[in-house]
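*Asks:* only the shape, not the letters, is given here:
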């Protein structure tokens, strides 16, 4: 019943000198309760840091770069994702159908 958080970086846009111009990112939260798995994510893109070389960059460097360009802290992002998962586990409304 612990939420796990994971960064992923599905795409980078680089110029002809292999300098990262745009980082495409996703921050995902997952929680498994019994047989049910709940998931929520936030995604976006931001500019790479000055002179960021694609071959030399690390995941930690990308995370720092994304967080520097966000209006939210990582803790605020986790709170947002946790709230999304809580709503999935405890929906305010439930869709139903009737066969007639």
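*Replies:* That came through fine. Just so it is clear, the model here is predicted, and its values are computed rather than measured.

*Asks:* what helix or strand is the residue nearest the centre of the chain on?
*Replies:* Closest residue to the average C-alpha location of the chain: residue 27 at 1.3 Å, with CA atoms, centre = their mean. Using DSSP states H and E, residue 27 sits within strand 20-33.

*Asks:* ok, back up a step: what's the closest non-adjacent residue to the residue nearest to the centre of the chain?
*Replies:* Leaving aside its sequence neighbours, residue 27 sits nearest to residue 42 (CB to CB, 6 or more residues apart in numbering; 4.9 Å). C-beta here means a position set from N, CA and C on the backbone, and glycine is covered the same way.

*Asks:* likewise for residue 43?
*Replies:* Once flanking residues are discounted, residue 43 sits nearest to residue 26: 4.3 Å by CB to CB, 6+ apart.

*Asks:* do I have it right that the one you found meets residue 39?
*Replies:* No. Using CB atoms under 8 Å, residue 26 makes no contact with residue 39, being 11.2 Å away.

*Asks:* so, low pLDDT: which residues of this protein?
*Replies:* Within the chain, the segments meeting pLDDT under 70 span 1.

*Asks:* next, the contact list for the spatially closest residue to residue 15 that is not a sequence neighbour, please.
*Replies:* Sequence neighbours aside, residue 21 is the residue nearest to residue 15 in space, at 5.7 Å (criterion: CB to CB, 6+ apart). Under the criterion of CB atoms under 8 Å, 6 or more residues apart in numbering, the neighbours of residue 21 are 13-15, 47-48.
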